[in-house]
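Student: For reference, the sequence and a predicted model appear below.
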Amino acid sequence: MRKSRIEAAETRERIVAAASEEFRQAGIAGTGLTALMAGAGLTHGGFYKHFDSKEQVAAEACAHAIGQIESAMRDAGAAHRGTVPLHGAIDSYLSAAHRDTPQRGCPFAALGAELGRSGGALQATASEGIERMVALFAQQNPASGHAEARRSAMVALSGMVGALMLARLAAGEQLSNELLKAMRQHLGAQVPGD
């Protein structure tokens, strides 16, 4: 019996969601199609029924991950009790919980080097995601003027991604925690309010 279009679309979505986690955990190059499909509860053989290439699923998985981090940062900003929603996003992003769950976290921190070398659709997806995060952070910052809010958002995003990457690289928890705290404090001082 053939799958309906709805079932095929649901299966494709399941593969993209699983690939999104697998890629963030092990890297794009480090994830084979067998592991990718196993993460979705499927066999390797069904991959090409849904995708033309690993690059295609990687681009869709990256877009999925960007949507997740964008939503999480929007929610963290909305839940913040102070006057600057961006402070809530900063605190959530630069947390031990985020550091310790790369498979569910920011794709820029988990895959940054690979995304930068990828080219094509994957790099375009990442670039569009950067623009979306900058726009969100600018919106969450009551700084005067669009240009200043955008500049501040770019600095915040760059610092957050870099600090998270370094915190994950640090061999000891003390150094890792210090890196996260230092960036939280720095960005908190750079974005006035609260």
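Tutor: In hand now; what should we look at?
Student: Now do the contacts for the most centrally placed residue in the chain.
Tutor: The centroid of the chain falls nearest to Cys106 when counting by C-alpha atoms, centre = their mean (2.3 Å). By C-beta atoms under 8 Å, 6 or more residues apart in numbering, the contact list for Cys106 reads Ala65, Ile69, Tyr93, His98, Met160, Val161, Leu164. (C-beta placed from N, C-alpha, C; glycine too.)
Student: Poorly predicted segments of this protein, please.
Tutor: The chain contains residues with pLDDT under 70 at 1-3, 143-144.
Student: in it, which spans are strands?
Tutor: Secondary structure of the chain (DSSP state E): no strands located.
Student: The residue nearest to the centre of the chain and Arg81: what is the separation?
Tutor: 23 Å (C-beta to C-beta, to the nearest Å).
Student: swap in Val57?
Tutor: From Val57 over to Arg81 (counting by C-beta to C-beta), the distance is 40 Å.
Student: More neighbours: which of those two?
Tutor: Per other C-beta atoms under 10 Å, whichever of Val57 and Arg81 has more neighbours is Val57, with 26 against 7.
Student: What helices and strands are in contact with the longest helix seen in the chain?
Tutor: Using DSSP state H, we find that the single longest helix of the chain is helix 54-79. Helices and strands touching helix 54-79, by 3 or more C-beta pairs under 8 Å, 6 or more residues apart in numbering; DSSP states H and E, are helix 5-26, helix 33-39, helix 85-93, helix 107-118, helix 120-139.
Student: 10 Å instead?
Tutor: helix 5-26, helix 33-39, helix 47-50, helix 85-93, helix 96-99, helix 107-118, helix 120-139 (3 or more C-beta pairs under 10 Å, 6 or more residues apart in numbering; DSSP states H and E).
Student: what's the angle from that helix to helix 5-26?
Tutor: 80 degrees (axes from the mean of the first three to the mean of the last three C-alpha atoms, to 10 degrees).
Student: Just the buried residues of helix 54-79, please?
Tutor: 54, 57-66, 68-70, 72-74, 76-77 (16 or more other C-beta atoms under 10 Å).
Student: For Ala59, list the residues it contacts.
Tutor: Val16, Phe51, Ser53, Ser118, Gly120, Ala121, Leu122, Gln123, Ala124, Thr125, Ala126 (C-beta atoms under 10 Å, 6 or more residues apart in numbering).
Student: With Met165 as the reference, measure out to it.
Tutor: According to C-beta to C-beta, Ala59 stands 21 Å off from Met165.
Student: again with Ala58
Tutor: 19 Å.
Student: swap in Lys54?
Tutor: Relative to Met165, and taking C-beta to C-beta, Lys54 is found at 24 Å.
Student: And Glu128, by the same measure?
Tutor: 21 Å.
Student: higher neighbour count, these two?
Tutor: The residue with more neighbours, out of Glu128 and Met165, is Met165; 18 against 13, by other C-beta under 10 Å.
Student: so that one touches Ala110, yeah?
Tutor: Yes: contact criterion C-beta atoms under 10 Å: Met165 and Ala110 qualify, at 8.5 Å.
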